[in-house]
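Enquirer: Pasting a predicted model and its sequence here:
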Amino acid sequence: MGKERKIDMVILGLLSHERLSGYDIKKRIDGTISFFWKGSFGSIYPSLSAMEEEGLITSTNESINGRDKITYEITKAGKNKLKEWLKDTKATNDLKYETLLKVFFGGVGGKEITLNSIDSFETDIKRDLEILRCYQSNLSKALDNEDHMYYYLTVSFGVKSYEAYLEWCKEARELLSKK
């Protein structure tokens, strides 16, 4: 498949479930997939414009509670593009953790600074893991819904990954404390 913007696929995936505004898309990203994918307004709105020009989505101006709002809906062409992307088995699975960069170069700053970075990382992971476990628990009760089954698989991956991160924090702290 060609070099598409991944944010396009995120937006098409979200719109395959419901009609949304740009703001709603950002809220969905932040509330559901931000554990493994980020999206900013600066990437969402240009993608919406480009995809509308390509005929992948359509927009409608609505007035809701006296406020004008533009909502977007996926087209048949958009669904086809999303399906083609889903069929493509090649995927970029980049892992970028600034904390690991700081650990990698920790010799410059010393153990105390590195331990502080690990502590901060662990705090964030514990917070996010609690949320993921809540999602996992709720989704496990609705696996008869096909979409929920896919959401559950994603959340389950996150839980296992975050548990591994916590184990790494413990091991890293023990190793740095011994030396």
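Expert: Looks like it arrived, so ask away.
Enquirer: so where's the protein uncertain?
Expert: Flagging of the chain using pLDDT under 70 yields the residue ranges 1-4, 179.
Enquirer: for the most centrally placed residue in it, what are its contacts?
Expert: The structure's the chain has its C-alpha centroid closest to residue 37; by Cα atoms, centre = their mean the separation is 2.5 Å. The contact partners of residue 37, taken as Cβ atoms under 8 Å, 6 or more residues apart in numbering, are 6, 10, 29. C-beta here means a position set from N, CA and C on the backbone, and glycine is covered the same way.
Enquirer: With neighbour count, distance to residue 79 and secondary structure added, can I get these in a markdown table?
Expert: Formatted as a markdown table, the entries for these read as follows, by neighbours: other Cβ atoms under 10 Å; distance: Cβ to Cβ, whole Å; DSSP: H, G, I helix; E, B strand; the rest coil:
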| residue | neighbour count | distance to residue 79 | secondary structure |
| --- | --- | --- | --- |
| 6 | 14 | 17 | helix |
| 10 | 20 | 15 | helix |
| 29 | 20 | 20 | helix |
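Enquirer: what helix or strand does residue 79 sit in?
Expert: For residue 79, the element it lies in under DSSP states H and E is helix 76-87.
Enquirer: With residue 39 instead?
Expert: With the criterion set as DSSP H and E, no secondary-structure element contains residue 39; it sits in neither a helix nor a strand.
Enquirer: Likewise for residue 91?
Expert: Since the elements are taken from DSSP H and E, residue 91 ends up inside neither a helix nor a strand.
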